[in-house]
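Engineer: this is a predicted model, with the sequence first.
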Amino acid sequence: MNQTWNFQNTYTSLPQKLFSFQDPVPGLEPKLVLFNDALAADLGLSSLDANAEETAAIFAGNLLPEGAKPLAQAYAGHQFGHFNILGDGRAVLLGEQITPQNERFDIQLKGAGQTPYSRRGDGRATFSSMLREYLMSEAMHHLGIPTTRSLAVAKTGLPVYREKINEGAVLTRIAASHIRVGTFQFIRQFGTEEELQAFLDYTIDRHYPALKNEENKALALLKAVMDKQIDLMVHWIRVGFIHGVMNTDNMSIAGETIDYGPCAFLNIYDPKTVFSSIDQNGRYAFGNQALIARWNLAVFAGSLMPLIDSDEEKALALAQYAIDQFHPLFMEKWYAMMYQKLGITKPQEEDKTLVNEILELLEIHKVDYTNFFYHLRFGTKGKATIYSDDTFSKWYKKWEKRQSGAASYAMMDTNNPILIPRNHLVEEALDAYVKGDASVFNDLLEQLQQPYYNEQRETIPQLVPADFDTCYQTFCGT
Ligand code: AMP
Ligand code: MG
């Protein structure tokens, strides 16, 4: 079947203040560098020929696909706790692709030039940072974690000035939608109550249709988004993902991981780990992410307030009660996830101690988080000092008693990745690609498509160069 573009543009039916029509600004010399065939097939875009000039032109923003009605979305957000008016400063939504399975996905070009929301930005993105987003988002997808995805990277042929001159590129981002907590903040701030209601109805219709007949739709949406965010945080913690910039504009209402700027993966287990150069106070540290998710959800609740109840006090009480459920719900799901990492198939209350004790030991002995679970699973030992600690030997004996053979192994295999996008590997791959050698990147991308144990293939733990992390920094918006 010759499947191709099948756009709807429902976002344009929303109050006009939520977006601005904006065409992508053409590049100079489009060149398609990465194209995700499997994702293209899922989207119903298998007819696109990655070698055709027309395809490169589309993904560099030089040619509009049929049915596209490009727009930039308005939103606001709390950035590091401070409220700002934002919006797509370097992205345009082409439209919503309806797939052969009748699913709806936003197709957005990121790095396609200035928009009315660019403020002082150039609307562009470097080739290296778009490669990074492609790699990280696809790795997250294959780890089984809800995320926006990457369909293509196309060079624009335009220079992008950061600290030095870089090649410019456009990433094609695929998302359930780009509705953020910050979008609700925006419409609450600048819209009428009717407009807020219309946006709430749109969001429920699109992402939570089961809530359509709820008596208190706003409260029901708050709870549903909270559930999704709790699941997402638990996933991130499971694999050691550090988002790095969990501003409210970077939190998706659909519960997907979005905005791969300064993200990184944990090597040594330490909840205080931060890699982002601008996160000096550790607001978005590895171990702080659930707390921040709750903070962001409180902001979300704030923007829904008039729809929760017309009586302000009553609305506040209802919202507060909902947010208070975050902690117990999160802890329950977090322990359940940790039991899975440890292969505990029939958890008991006492197993909480087993979890708490091992995390304390991992931190004390500066153990590699991912490799620890590999060694535990395969009965081997890494180099860390933990393996000669008596406290660990005692813990190990207790842990062994809580195992149920093959069922435990299977559980550990599906919950503990062996291969993750290690910071040093990501940097090596990007450096080589920017210098013209794509092979390191492509090899890594392929490996990361099978991050879990697989009988057919021998996988050994990844070694991390000593001290790599002590000077590793990531950057936003490059
Ligand atoms: P982020 O930190 O990526 O979430 O971006 C925060 C805000 O800055 C968003 O409104 C972006 O659209 C905007 N932004 C980031 N980089 C650029 C750029 N190069 N040009 C224009 N706007 C940008
Ligand atoms: Mg953002």
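Structural biologist: Right, received. Where do you want to start? Residues are numbered from 1 along each chain as shown. Ligands and ions are numbered 1, 2, ... in the order given.

Engineer: flag every residue of the stretch 251-400 of the chain that's near ligand 1.
Structural biologist: Within the stretch 251-400 of the chain, the positions lying close to ligand 1 (Cβ under 6 Å from any ligand atom) are Asp259, Gly261. To be clear about C-beta, it is placed using only N, CA and C from the backbone, and glycine gets the same treatment.

Engineer: give me the residue from the stretch 251-400 of the chain nearest ligand 2.
Structural biologist: Relative to ligand 2, the nearest point of the stretch 251-400 of the chain is Asp259 (4.1 Å; Cβ to the ion).

Engineer: so that residue: helix, strand or coil?
Structural biologist: Here Asp259 is recorded as coil under DSSP: H, G, I helix; E, B strand; the rest coil.

Engineer: any idea of the pLDDT on it?
Structural biologist: We have a pLDDT of 97 for Asp259.

Engineer: quick one: stretch 309-319 to chain centroid distance?
Structural biologist: Here stretch 309-319 is found 32 Å from its chain centre; the criterion is Cα atoms, centre = their mean, to the nearest Å.

Engineer: could you list the buried residues of it?
Structural biologist: Buried residues in stretch 309-319, counting neighbours by 16 or more other Cβ atoms under 10 Å, are found at Asp309, Ala315, Leu318, Ala319.

Engineer: the one helix or strand Ala56 maps to - what's its average pLDDT?
Structural biologist: Here Ala56 sits within helix 53-59, counting by DSSP states H and E. Averaging pLDDT along helix 53-59 yields 98.

Engineer: before we move on, the earlier item: ok, the residue of the stretch 251-400 of the chain closest to ligand 2 - contacts?
Structural biologist: His243, Val245, Asn250 (Cβ atoms under 8 Å, 6 or more residues apart in numbering).

Engineer: please redo it, this time with the cut-off set to 10 Å
Structural biologist: 110, 133, 137, 148, 173, 180, 243-247, 249-252, 476-477 (Cβ atoms under 10 Å, 6 or more residues apart in numbering).

Engineer: got it, and Val434?
Structural biologist: Per Cβ under 10 Å, 6+ apart, neighbours of Val434: Thr126, Phe127, Ser128, Leu131, Asn166, Glu167, Phe441.

Engineer: do the same with Asn356
Structural biologist: Per Cβ under 10 Å, 6+ apart, neighbours of Asn356: Tyr335, Met338.

Engineer: can you tell me which of the contacts of Val434 is closest to ligand 2?
Structural biologist: Among the contacts of Val434, and counting by Cβ to the ion, the member closest to ligand 2 is Thr126, at 15.8 Å.

Engineer: surely Lys228 is within a helix?
Structural biologist: Yes: assessed by three-state DSSP, Lys228 belongs to a helix.

Engineer: neighbours of the residue in the stretch 101-250 of the chain that ligand 1 sits nearest to, how many?
Structural biologist: Relative to ligand 1, the nearest point of the stretch 101-250 of the chain is Gly121 (2.2 Å; Cβ to the nearest ligand atom). Gly121: 12 surrounding residues under other Cβ atoms under 10 Å.

Engineer: relative to ligand 2, how far out is it?
Structural biologist: Distance from Gly121 to ligand 2, counting by Cβ to the ion, to the nearest Å: 12 Å.

Engineer: ok so, going back, show only the entries of the buried residues of stretch 309-319 found in strands.
Structural biologist: With strands taken from DSSP state E, there is no overlap with the buried residues of stretch 309-319.

Engineer: just these now: which is nearest Ile230?
Structural biologist: Ile230 lies nearest to Ala319 out of these, by Cβ to Cβ, at 16.6 Å.

Engineer: what's near enough to touch the closest one?
Structural biologist: Neighbours of Ala319 in contact, by Cβ under 10 Å, 6+ apart: Ala218, Leu219, Leu222, Leu297, Ala298, Phe300, Ala301, Gly302, Leu304, Met305, Ile308, Asp309.

Engineer: kindly report the same for His178.
Structural biologist: His178 touches 11, 73, 75, 88, 91, 93, 106, 108, 148, 252-254, 256, 258, counting by Cβ under 10 Å, 6+ apart.

Engineer: closest one of those residues to ligand 1?
Structural biologist: Among the contacts of His178, and counting by Cβ to the nearest ligand atom, the member closest to ligand 1 is Asp88, at 5.3 Å.

Engineer: thinking again about what came up before, what comes into contact with the helix or strand following the helix holding Ala56?
Structural biologist: Later in the chain than helix 53-59, the nearest helix or strand by DSSP H and E is strand 71-73. For strand 71-73, contacts defined as Cβ under 10 Å, 6+ apart pick out 9, 11-12, 14, 18-24, 86-95, 106, 108, 112-118, 123, 177-180, 182-183, 186.

Engineer: go again using 8 Å as the cut-off
Structural biologist: 11-12, 18-22, 87-89, 91-93, 115-117, 178, 183.

Engineer: looking at those residues, which are in helices?
Structural biologist: Here DSSP state H is the test, and the contacts of strand 71-73 give Thr183 as lying in helices.

Engineer: which of the helices or strands spans Glu349?
Structural biologist: Using DSSP H and E, no helix or strand contains Glu349.

Engineer: tell me how far the longest strand belonging to the chain is from the chain's mean position?
Structural biologist: Taking DSSP E as the criterion, the chain has its longest strand at strand 149-161. Here strand 149-161 is found 20 Å from its chain centre; the criterion is Cα atoms, centre = their mean.

Engineer: can I get that strand in PDB, CA atoms only?
Structural biologist: Listed next in PDB are the C-alpha coordinates belonging to strand 149-161 (Å, rounded to 0.1, in the frame of the first residue of the first chain):
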ATOM      1  CA  ARG A 149      10.500   9.900  19.000                       C
ATOM      2  CA  SER A 150      12.700  10.900  16.200                       C
ATOM      3  CA  LEU A 151      11.800  10.300  12.600                       C
ATOM      4  CA  ALA A 152      14.600  12.100  10.800                       C
ATOM      5  CA  VAL A 153      17.600  14.400  11.000                       C
ATOM      6  CA  ALA A 154      18.300  16.600   8.000                       C
ATOM      7  CA  LYS A 155      21.200  19.100   7.700                       C
ATOM      8  CA  THR A 156      20.100  22.500   6.500                       C
ATOM      9  CA  GLY A 157      23.400  23.700   5.100                       C
ATOM     10  CA  LEU A 158      23.100  26.800   7.300                       C
ATOM     11  CA  PRO A 159      25.700  27.700   9.900                       C
ATOM     12  CA  VAL A 160      24.600  27.800  13.500                       C
ATOM     13  CA  TYR A 161      26.600  30.000  15.800                       C
END
